[in-house]
Structures are given as structure tokens and as C-alpha cells.
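Visitor: Quick one, fold the following:
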Amino acid sequence: MRLTHYLGAIIMNMLVLVADRVSAFGIGRRRALGVSLLVQTPKKRAFRPSPNRLLPTHNCPQAMTASGFEIKSMSWVQNAVLDAITDLFDPAEVARRTTLAKLNMKKKQKKGQEGNPEILNLSDDEKLAMADEAAANARPFTIADTMVTLATKAEFGDYQVNAAMGLAKYVGMSPRECASQIIQKITPEICDYMEDPEVAGPGFINLRFKQAYLTSTAFKMAADSAGRLGLPKTKRKQKIIVDFSSPNIAKEMHVGHLRSTIIGDSLCNLLEFSGHDVVRLNHVGDWGTQFGMLVEHLRDEYPAALNRETSENVDLGDLVKLYKAAKKRFDVDPDFKERAREGVVKLQAGSPEELAAWDSLCAASRLEYQKIYDILNIKGLVERGESFYNPYLSWVVEDLEKQGLAKESEGATVVFLDGLPYCPISSKYTNRDGTAQPMLIRKSDGGYNYATTDLAAIRHRVEMEVEEGGEKADRVLYITDAGQSQHFQMVFAAAKLANYIPDHVSLEHVPFGLVQGEDGKKFATRSGDTVKLKDLLKESIRIASEDLRSRPENEGVEDEEINKLAKIVGIGAVKYADLCLNRESNYRFSYERMLSLNGNTAPYMLYAYARICGIVRKATSQGNSKSIEWPEASEILITDDVELELIRNLVRLPDILHEVEQDLYPHKMCDFLFETSQKFNKFYETCSVNNADTEEIKASRLTLCMATAGTIHLLMTTLGIELVEKL
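Guide: Numbering: from 1, shown residues only. Take a look at the predicted model:
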């Protein structure tokens, strides 16, 4: 039966309908918002992120301490499973059977709800035609199809493969039979490092590392405890821009900027450790209508700021007071308001006086921001404010108009995303009266706004050639509060429709929740004012200092040493309290909780690391030396199950890092840190280091101490938290 255009539309709807189940089994799918739409064509070979395969070896892994030894991670297992299902099954046939199963599925309808008549009324021939269409558009299996996860319980091993559970129905097998065939294929690939795979329950495959591999890996990590712990850099290097912090000129940094700065810095650290080319971008708010009133206020109060020759010598004092004074005049003085509006026009036109005053404001603000960055130890930020993109704004609007994406509405220029073809957020944004909500890109007075600037920034960051001054980034992360989610969804959608985003590029909003007071309300001073970030950090250091001075073991310690430790503990506590929670949730700011020695806190982790250093120092007769010298790693001998339990946890490190690199949730590193420290405590309570039965066992346990200390050091520094060897 010949398919009509109408039937073709039904097919496309069906492909979307079943994508949640079958996109992993042969049907092309639409990628997430801000990421390219990929059209896959059938290929014989499987697609995997890394083309580099690790060849199995029949040598004893523990003896392999040379560069040929690599720590195995989930991606290694995924590659083995991917090869197996590619050899065993035909993606086109899986797609055909999946589509037919969906079309013939009789779903229970809720009371008063009718089924989709377009699907219910399809003839058998039409269903077969749709299945053939799905098969023709099938793509090779990918990593997602392997369904490899970390084992949910220790008794299940290290990894669990669930591919058979999803595939079996569509390849004419029972899940256990399908799992058995996958096992036969993967066993030769993994047998040097893993025990024989097991089929569990209805068709799950459990994989467990061999003890020899675990001990050799822990040895490798300990041997490189002061470096990368034996972890290789990525073979798929990307250029990644991280847009974070972003304070506003002439305004105080607040707790919202704190979250953006801390989260952004930790993600940059991780991405750089992975081997990517990272640009730490500070998109400061240095342009806009408020600068008209600020410049005019300077004209009256600090006239020297309007002259290039004298502006550098002007002390503007407290910028927040200056801003409030200018705003007060703007609100009550009509003449001043008119001057301010004219000042904006002059500034945008490049008037020398206005630009000199603007430069003075920016320079004074940078000095204040840098004080905060110095306290937080934030380095490498590249300032590129809103003003940087001014030359590109008019082009963006004109280009969107030429493409028919922008139109005039009530004197302004807007982009209506609702109803546009292939728009990933079509019909999502409406006003209260049900009318479409547009995205404003040029105001009725000719001024531009955040959306225009962000569209211009996208072009500069991912589309423009390097020779033209562009970045040509592969991935761009925007670290802002969750309240801007809709804004970025609309901006990303418009940029995609305008073809500003190359297919391989990913734009990702990384939202975070609010910082609240201990009562769950807005975090503010007793008078209701916004808490100054500088005061917040100083208070945390003060409390940490008082606690350190109150401890008997610190009697006689010089003030300089206490002050240094207090800053490390106080700032580390603020950072860790933020990062240890899911970034999308709101959190209640509590000095008492974040500075506690109990639970998942920075002080707990700092003491855990210092404790291990003390164990090693005592075992190697280093006395009270300020800087510890790590001994050489030794062969690991397993004498108790708690040692294996600790090692199994340590070798999960590359999986944790890879997971955070992909989903950008730093709290997973904190969870892993806390779990690692707890398992180490259990190990240390059970297995004495200094009183071990033999020198070989003592050396083995010292090696586990070193691997654990290296893991804590790596993750804490990735989180942006400094460590000390004595506390």
C-alpha cells in the first residue's frame, strides 16, 4: 500500500512515541535541547565514543605497572557489550519488531480518555509499512543500548548489564537466553580481568573484577598517589566553555554568585583534569540602561572620572553606596532621569566622557571581585562581559529577520517559538491568557536585551571561525540559577532554529537552587538586607578560627598557623556545603552544620585526610615533619574482606569522574568521598597498620592508605578545596 503524506506524518509521530523505548534499539532520535539533531544512517559497525580498544592480556595484572596498564572503567565494559550485541543482533530487525510491538500494544485508557485514533485505525499493511520505515531508518547500536550500570549491591559484583532485558522481546528470545548469548561473546574480552559472568534473576548479567586485578589497580593508584592515580586523560578532547560567576558592575557579589562561582570552578577543575581545553568565562554584567544613571551621578560627584587622563586616580569608594545614591536620584529626580537616559545613548554611541566613566566603574568593580576570587582561590577567569558582544547585536536581529524567525510586535522585535517547524519547545510557552509568549530581542526604543546578547554570544562561542575571533567550542556550560531555565531554553531553541549551533555542539544550562536561611526563608541579614558575600566568607573563617584556638592540642600553635588553617577550614566548609548537595535543590545555609566534624562535611574530610597522613607518618618514622614523604607502593596482600571492600570502592573513581563530567552534578564526588572515608575507617578499625603481623602486610596496608589518601586529595582539590597534612 502506498504511503500518503498524511501517513508519513503518522510515522514520524510514532517514531517519537516509541523513542523512549526503541531509540536505543535502532530508531533515530532527537537529541536534548541545545544539542544537535542527528540523522543516523544504517552502518555495519558499532558507534562508540572512544575508538581506542584495550587489548586483553594474559599476564598477571599486578605485575603490569608500566604504561601499558590502564584502570578499567565502565566504558571498557560498555565497549565489550556493544561489540557483542552488534555481532549478535540486527538493529534493523530490532527496530521493525519494536515498532510493531508498540503499534499492537493495547494500552489501558483512563476513564473518559480515548486512544489515539490515528494509531487505533491503522490497517495491518499500514503498520507493516511503518515497521519497514523504522527498519530503514535504523542506526547501529550505541553505548546507550548496552545498559551497563554500577552494581546496586556488593553481592551483585561491580557492574550489571541489563541489555538482555530490553532486547530479548525484540530478538525472539527469553531474557535469560539473550543474556547467555551476550555472555558468550563478552567473556573472551573480559576474562583476564573479571570472574565468569553470571546471569541473575530474569536476565541480568552480573560482572565482578578478579582479586588480582583489584589489587594491581590499587597498587597503581598508590604508586601515583601524588598525581593522577593512574587515570589516563580523555582520548576525545573537547574545547569547553564554562560561563560562570558573572557578577554585575557596581554591585556587590551575593550568595547567588557564590553558588555559580563554586559550582563552575569545580566543574572546570574536573574537565581540565579529564584533559579537555577549558575556557573559564566570566560573563560580567557591564552594560545596560543602569550605566546611564551611574555615569551621570559620577559627572556630578566625581567629575574627574569622566576624563581619561584623571579617571585612573579617582577613588569611587563603596560602589554599592554609589549605586544606591544614583538609583535614588533616578527614582525621584525627573531631570536626572532624563539625563541618565541620554547618557545611555551617548555611552552606546562611544562618547569619550561616558566611556571613561564606564571604564572607571568597571575597574573599581574588578578590584572588589578579585578580593572575593582571592579568598575562594578562583583562578584563570577570562572576563568577557555583555559589552564585548555589542558589535554583533544588530547583525543577530537582522539575520533572524531575514530568516523569517523574528517579526515586529507592538513596536518591538520578537521571536515566536510557538508553532515554528521542528522547534523542540513548540507550544510550551504561553501567557496567562493562552496567547503565545514571544522572546524579545529588540525593544521598542531600539535597545537590546539579555536574549540578544546571549544569541550573539552563542554565535561567537560556537559558530564563528577562530580567524574571525570566535572560540569554536564543542560544549558550552551556563552555570546560573534555576530561575533562568526558561530563558536559556528559549535562547537555545532560537539559536538552533537559526542554525547558529553546529550539529556536534552541545549547549547546556546547569541550573542551581537558592541559598536560604536556616528558617527556610530568603537568606538575608537581620535587617532584611542581602548578605554580602565578603562578610559571609569572613564569618566562616572567624568561626573556624575560634574552634581551632579552643582545642587543647592547638595550645602553643602560632597565630599565623591558626589563621592559615582557619581559612582552609572556613572556606572549604562553605564550598563543600554547597557542592555536597544536588545543585538543583535549595539549601539552608548553616555555619554550625557546614563546620561540623560529623557527617559529610569539609572538616570531616579534612580530618580524614590528615588522619591518613598521620598513620603513614607514624608507620614510616617521619615524626612531626611538616611535609609528609610518601613511601614506595608495595604489593597488596588481602588478609580481610574489608580490604577488598575498600579497594572495590576505590576502583570506581574513574566511573564517578566520568559520570560527573557528563551530567555535571558535583555532589556525586562528595558522596563518593564520604563513602570512601567510611570504608577506610572500617578498614583501619579492622586491620592494624603499625601492628601488622608481618612487614609485608604492613607495607600492603600502607599502600592502601596511600591509594585512599590520593583519592581524597584528588577529589577535594577538584572541588576547589585545599588540604592539610596536619590538623
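
Visitor: Now do the host helix or strand of residue 642, average pLDDT.
Guide: Element membership for residue 642 (DSSP states H and E) is helix 641-650. Taken as a whole, helix 641-650 has a mean pLDDT of 97.

Visitor: now stretch 90-99
Guide: Mean predicted confidence for stretch 90-99 is 88.

Visitor: Quick check: buried residues in the helix holding residue 642?
Guide: Neighbour-count burial for helix 641-650, with 16 or more other CB atoms under 10 Å as criterion, is recorded at 642-644, 646-650. C-beta here means a position set from N, CA and C on the backbone, and glycine is covered the same way.

Visitor: where's residue 279 relative to residue 462, distance?
Guide: Separation of residue 279 from residue 462 (CB to CB, to the nearest Å): 12 Å.

Visitor: quick revisit: how far does the helix holding residue 642 sit from the chain's center?
Guide: Its chain's C-alpha centre and that of helix 641-650 lie 28 Å apart, by CA atoms, centre = their mean, to the nearest Å.

Visitor: For the spatially closest residue to residue 200 that is not a sequence neighbour, list each beta-bridge partner.
Guide: Once flanking residues are discounted, residue 200 sits nearest to residue 206: 5.2 Å by CB to CB, 6 or more residues apart in numbering. Applying DSSP bridges to residue 206 gives these bridge partners: residue 160, residue 198.

Visitor: quick one: residue 206 and residue 196 touch, right?
Guide: No: using CB atoms under 8 Å as the test, residue 206 is too far from residue 196 to be in contact (10.2 Å).

Visitor: the more surrounded of those two?
Guide: Of the pair residue 206 and residue 196, residue 206 is the one with more neighbours under other CB atoms under 10 Å, namely 19 against 10.

Visitor: how close does that one sit to residue 322?
Guide: 65 Å.

Visitor: quick revisit: who's more crowded, residue 279 and residue 462?
Guide: When residue 279 and residue 462 are compared for neighbours, residue 462 comes out ahead with 24 against 19, by other CB under 10 Å.

Visitor: which helices and strands does the helix or strand containing residue 183 pack with?
Guide: Under the criterion of DSSP H and E, residue 183 resides in helix 175-190. Helices and strands touching helix 175-190, by 3 or more CB pairs under 8 Å, 6 or more residues apart in numbering; DSSP states H and E, are helix 74-88, helix 163-167, strand 198-200, strand 204-207.

Visitor: Tabulate the ones you listed (TSV), appending distance to residue 99.
Guide: Supplementary listing: the helices and strands packed on helix 175-190 in TSV, determined by distance: least, CB to CB, whole Å:
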stretch	distance to residue 99
helix 74-88	19
helix 163-167	15
strand 198-200	28
strand 204-207	26
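
Visitor: Which of the ones you listed sits closest to residue 121?
Guide: helix 163-167 (29.1 Å; CB to CB).

Visitor: Surely residue 628 touches residue 617?
Guide: Yes: judged on CB under 8 Å, residue 628 makes contact with residue 617 at a distance of 5.6 Å.

Visitor: mind listing the helices in the stretch 451-600 of the chain by residue range?
Guide: Ranges of helices in the stretch 451-600 of the chain, per DSSP state H, counting those that start in this stretch, are 485-497, 533-550, 559-579, 591-594.

Visitor: Please tabulate those in TSV, including the columns mean neighbour count.
Guide: Compiled in TSV, the helices of the stretch 451-600 of the chain are given as follows (neighbours: other CB atoms under 10 Å):
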stretch	mean neighbour count
helix 485-497	21
helix 533-550	17
helix 559-579	21
helix 591-594	16
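
Visitor: and residue 345, which of these is closest to it?
Guide: Going by CB to CB, the one of these nearest residue 345 is helix 485-497, 26.2 Å.

Visitor: Alpha carbons of that closest one, as PDB, please.
Guide: Extracted in PDB, the C-alpha atoms of helix 485-497 (Å, rounded to 0.1, in the frame of the first residue of the first chain):
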ATOM      1  CA  SER A 485      16.000  27.900  32.900                       C
ATOM      2  CA  GLN A 486      13.100  29.100  30.600                       C
ATOM      3  CA  HIS A 487      15.300  32.000  29.300                       C
ATOM      4  CA  PHE A 488      18.000  29.600  28.200                       C
ATOM      5  CA  GLN A 489      15.600  27.000  26.800                       C
ATOM      6  CA  MET A 490      14.200  29.700  24.500                       C
ATOM      7  CA  VAL A 491      17.600  31.200  23.600                       C
ATOM      8  CA  PHE A 492      18.900  27.700  22.800                       C
ATOM      9  CA  ALA A 493      15.800  26.900  20.700                       C
ATOM     10  CA  ALA A 494      16.100  30.100  18.700                       C
ATOM     11  CA  ALA A 495      19.800  29.600  18.100                       C
ATOM     12  CA  LYS A 496      19.100  26.100  16.900                       C
ATOM     13  CA  LEU A 497      16.400  27.300  14.500                       C
END
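
Visitor: Which of the helices of the stretch 451-600 of the chain sits closest to residue 623?
Guide: Per CB to CB, nearest to residue 623 of the helices of the stretch 451-600 of the chain: helix 559-579, 17.6 Å.

Visitor: helices and strands around that closest one, which ones?
Guide: helix 255-274, helix 352-376, helix 533-550, helix 591-594, helix 602-619, helix 667-686.

Visitor: thought residue 73 was touching residue 655?
Guide: Yes: Residue 73 is in contact with residue 655 according to CB under 8 Å; the separation is 5.4 Å.

Visitor: before we move on, back to that, could you tell me which residues touch both of residue 628 and residue 617?
Guide: The overlap between the contact sets of residue 628 and residue 617 (CB atoms under 8 Å, 6 or more residues apart in numbering) consists of residue 725.

Visitor: what about stretch 445-461, start to end distance?
Guide: By CA to CA, to the nearest Å, the extent of stretch 445-461 from end to end equals 28 Å.

Visitor: Touching it from outside, list them.
Guide: Counting by CB under 8 Å, 6+ apart, 241, 283, 287, 289, 386, 389, 392-393, 395-397, 400, 439-443, 469-471, 473, 476, 487-488, 490-492, 494-495, 498, 500-501, 507 sit against stretch 445-461.

Visitor: hmm, try it at 6 Å
Guide: 241, 386, 389, 392-393, 396, 439-442, 470-471, 473, 476, 491, 495, 500 (CB atoms under 6 Å, 6 or more residues apart in numbering).

Visitor: neighbours of residue 606, just the number please.
Guide: 24.
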